[in-house]
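Q: heads up, no residue letters with this:
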């Protein structure tokens, strides 16, 4: 995934022309402001940043996946808005794997209960897990967080019902995508390594 936060549509479109086929945005308003300028406009889009319940109606039907679900109330609102649009929305549960106060996400122990709730909602399709671990040195420490996420992902897959496809483990960014892949990530979120430093 190419993470396009703060980058102009012209730069994003250049990346799309070179073969990028999935983009991720952190903020609802920023993504909505870019929609009319993307070429091709139908490029697959995910929301990867924190989502407030009152903004769900603006994003359902715009993105193919919401990667940052961290509460039952948010999950239920996504289900309600998806039903209103006649859609089923793919989601990932965001796990605060490092227990950091500065980050959103579920505590790891809460993930199985929220996953079970997701499976009861007809207009939400749980596809897997996402996390942003703490910045770590040495690499062995970050790999430990990624390995814990992989174990959670495997547990989720084993507990899913036969008709549920758990196939996405979203781990790794520009600075740590290699250890993320080595530990089992199926989707890496790359921003600065593609586009350069963000311009705020």
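A: Cool, the structure landed. In this text the structure is predicted, and so the values were computed from the model without any measurement. Numbering: from 1, shown residues only.
Q: give the next helix or strand downstream of the host helix or strand of residue 94.
A: Per DSSP states H and E: residue 94 is located in strand 89-95. Using DSSP H and E, the helix or strand that follows strand 89-95 in sequence is helix 111-119.
Q: next SSE after that following helix?
A: strand 124-131.
Q: ok so, going back, contact partners of the strand holding residue 94?
A: With contact meaning C-beta atoms under 8 Å, 6 or more residues apart in numbering, strand 89-95 is reached by 60, 64-70, 75, 78-79, 81-82, 104-108, 111, 114-115, 118, 123-131, 149, 152, 168, 170. C-beta coordinates here come from the backbone N, C-alpha and C atoms, glycine included.
Q: hmm, 7 Å instead?
A: Contact partners of strand 89-95, identified using C-beta atoms under 7 Å, 6 or more residues apart in numbering, comprise 60, 64-70, 78, 82, 104-106, 108, 111, 114-115, 118, 123-131, 149, 152, 168, 170.
Q: relative to residue 182, how far out is residue 43?
A: Per C-beta to C-beta, to the nearest Å, residue 43 is found 28 Å from residue 182.
Q: kindly report the same for residue 106.
A: Counting by C-beta to C-beta, the separation of residue 106 from residue 182 is 24 Å.
Q: next one: residue 116 from residue 190, what distance?
A: According to C-beta to C-beta, residue 116 and residue 190 sit 32 Å apart.
Q: what of residue 172?
A: According to C-beta to C-beta, residue 172 and residue 190 sit 8 Å apart.
Q: which one of the two has more residues nearby?
A: Applying other C-beta atoms under 10 Å to residue 172 and residue 190 shows that residue 172 carries more neighbours, namely 26 against 17.
Q: look up how far residue 137 lies from that one.
A: 16 Å.
Q: do the same with residue 81
A: To residue 137, residue 81 is 41 Å away according to C-beta to C-beta.
Q: what about those two, which has more around it?
A: Set side by side, residue 81 and residue 137 show more neighbours around residue 81, with 19 against 7, by other C-beta under 10 Å.
Q: which ones are touching residue 148?
A: Residue 148 makes contacts with residue 97, as judged by C-beta under 7 Å, 6+ apart.
Q: now it, what's its secondary structure?
A: Look at residue 148: counting by DSSP: H, G, I helix; E, B strand; the rest coil, its state is helix.
Q: from what I can see residue 183 touches residue 143, true?
A: Yes - contact between residue 183 and residue 143 holds when scored by C-beta atoms under 7 Å: they sit 5.7 Å apart.
Q: quick one: buried ones out of the contacts of strand 89-95?
A: Among the contacts of strand 89-95, the ones that count as buried by 16 or more other C-beta atoms under 10 Å are 60, 65-70, 78, 82, 105-106, 108, 111, 114-115, 118, 123-131, 149, 152, 168, 170.
Q: how about the helices of this protein, start to end?
A: Under the criterion DSSP state H, the chain contains helices at 9-17, 28-34, 56-59, 72-85, 111-119, 139-159, 177-182, 192-195.
Q: could I get those helices in TSV, plus columns for mean pLDDT?
A: Output for the helices of the chain, formatted as TSV (pLDDT from 0 to 100):
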stretch	mean pLDDT
helix 9-17	96
helix 28-34	97
helix 56-59	97
helix 72-85	98
helix 111-119	96
helix 139-159	95
helix 177-182	96
helix 192-195	94
